[in-house]
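**Q** prediction below, plus the sequence it came from.
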Amino acid sequence: MKLTFLARSENEVFARNVAAAFALPLNPTLSELSDVKTAVSEAVTNCIVHAYPDGTDAEHWVTLECSTEDNRLHIVVTDSGKGIEDIARALTPFYTSCPGEERSGMGFTIMQTFMNEFHVTSEPGHGTRVEMTKCFGGTAEAYAR
């Protein structure tokens, strides 16, 4: 499944619900489904707030891709925004590139905590790609290959 939508805050709820609906055939628990929704929400919000900080009404886009394999849900969220200069620093809990705003700096930490696999790639000036995997119905070790 691939969904591309405008980077607007009202689309964050839509994206998280689409990912959750896509996961339903894997028979997730409510807790697992909540983890997916929260991680997607954080990833999409990061795109909206950090990738496109210009605050204009320009048409900026976010892409959500979901696929399944066995009892795993793979999620990729990408933008073509400003990118991340220092990924290691961005992954540090409580770090935010918007210190003057009410941001906790916990988005990446939440994604890492709620998902079984997590990876970020970014190129300044060209955008960011967040890849996440959630294993359903058991521990991550049960699905490791």
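**A** Yep, it's here. Worth saying up front: this structure is predicted, and the values here are computed from it rather than measured.
**Q** identify the residue nearest the residue positioned nearest the centre of the chain in space, chain neighbours excluded?
**A** The residue lying closest to the centre of the chain (CA atoms, centre = their mean) is Ala43, at 2.6 Å. With sequence-adjacent residues excluded and distances taken as CB to CB, 6 or more residues apart in numbering, Ala43 is closest to Val77, at 4.0 Å. C-beta: built from backbone N, CA, C; applies to glycine.
**Q** secondary structure element for the one you found?
**A** strand 72-79 (DSSP states H and E).
**Q** where does the closest residue to Leu24 other than its chain neighbours fall, phi/psi-wise?
**A** In space, and not counting its chain neighbours, Leu24 is closest to Leu33: 8.0 Å by CB to CB, 6+ apart. With angles defined as degrees, to the nearest 10, Leu33 shows backbone torsions of phi -60, psi -40.
**Q** pLDDT below threshold where in this structure?
**A** Applying pLDDT under 70 to the chain flags residues 55-58, 93-105, 138-145.
**Q** how about the helices in it?
**A** Here the chain has its helices, by DSSP state H, at 10-23, 30-46, 87-90, 107-114, 140-143.
**Q** which other residues reach the second one?
**A** Under the criterion CB atoms under 8 Å, 6 or more residues apart in numbering, residues 9, 11-13, 15-17, 19-20, 23-24, 28, 62, 64, 73, 75, 77, 107-108, 110-111, 114-115, 128, 130, 132, 134, 136 lie in contact with helix 30-46.
**Q** what angle sits between that helix and strand 72-79?
**A** Helix 30-46 runs at 10 degrees relative to strand 72-79, counting by axes from the mean of the first three to the mean of the last three CA atoms, to 10 degrees.
**Q** tell me which residues in helix 30-46 are buried?
**A** Residues 32-33, 35-46 are the ones in helix 30-46 that count as buried (16 or more other CB atoms under 10 Å).
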